[in-house]
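>>> this is the structure alone, sequence omitted:
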């Protein structure tokens, strides 16, 4: 369930934006099997934008996001479960689907960064960044790619990650 106070604040912020200000959503999709990061913008033309100084790839660099129609459903803020970002990419193209297929065949996670730029200030860097997301599921048809990404579920993560056995920890032997 989304946070109603946050939803109201976002609605107010969107309503108070001056005329002529264009906000662009972008996605950066990365996997070690990719030749380069896939950077897309929800717009009709390419976007040259500067990345943030602490970006995971090409920090501070001026990069190009290719235009591609997509819709985002931002992650919910909920105390019950970690939020999930959902992206529907229309007419993803064979190149993107081929890259995703190649990446899914490995065990390495696919990383996603969602950035929001104000179009006339894109050279200054993003106004909003949501990073640290990993792809959880993806489905593709010839016309649409639907992806869900989220953060690591730390609540259900095994901790510590070590397996305590007698070989590595000989002093653990029980004596009765």
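Perfect, thanks for sending it. Model, not experiment: these values are computed from the prediction. Numbering: from 1, shown residues only.
>>> list the contacts for residue 38?
27, 28, 29, 30, 96, 99 (Cβ atoms under 8 Å, 6 or more residues apart in numbering). Heads up, the C-betas are built off the backbone N, CA and C, glycines and all.
>>> if we use 7 Å, what do you get?
29, 96, 99 (Cβ atoms under 7 Å, 6 or more residues apart in numbering).
>>> next one: residue 115
So residue 115 contacts 26, 126, 128, 129 (Cβ under 7 Å, 6+ apart).
>>> report the secondary structure state of it.
strand (DSSP: H, G, I helix; E, B strand; the rest coil).
>>> need the longest strand for the protein.
Longest strand of the chain, by residue count under DSSP state E: strand 128-140.
>>> and that one, what other elements does it pack with?
Using 3 or more Cβ pairs under 7 Å, 6 or more residues apart in numbering; DSSP states H and E as the contact test, the elements touching strand 128-140 are helix 93-104, strand 111-118, strand 144-150.
>>> repeat the analysis, applying 6 Å as the threshold.
Packing partners of strand 128-140 (3 or more Cβ pairs under 6 Å, 6 or more residues apart in numbering; DSSP states H and E): strand 111-118, strand 144-150.
>>> tell me which residues form a beta bridge with the residue most central in space within the chain?
Geometric centre of the chain, nearest residue: residue 112, 2.8 Å, by Cα atoms, centre = their mean. Under the criterion DSSP bridges, residue 112 forms beta bridges with residue 29, residue 133.
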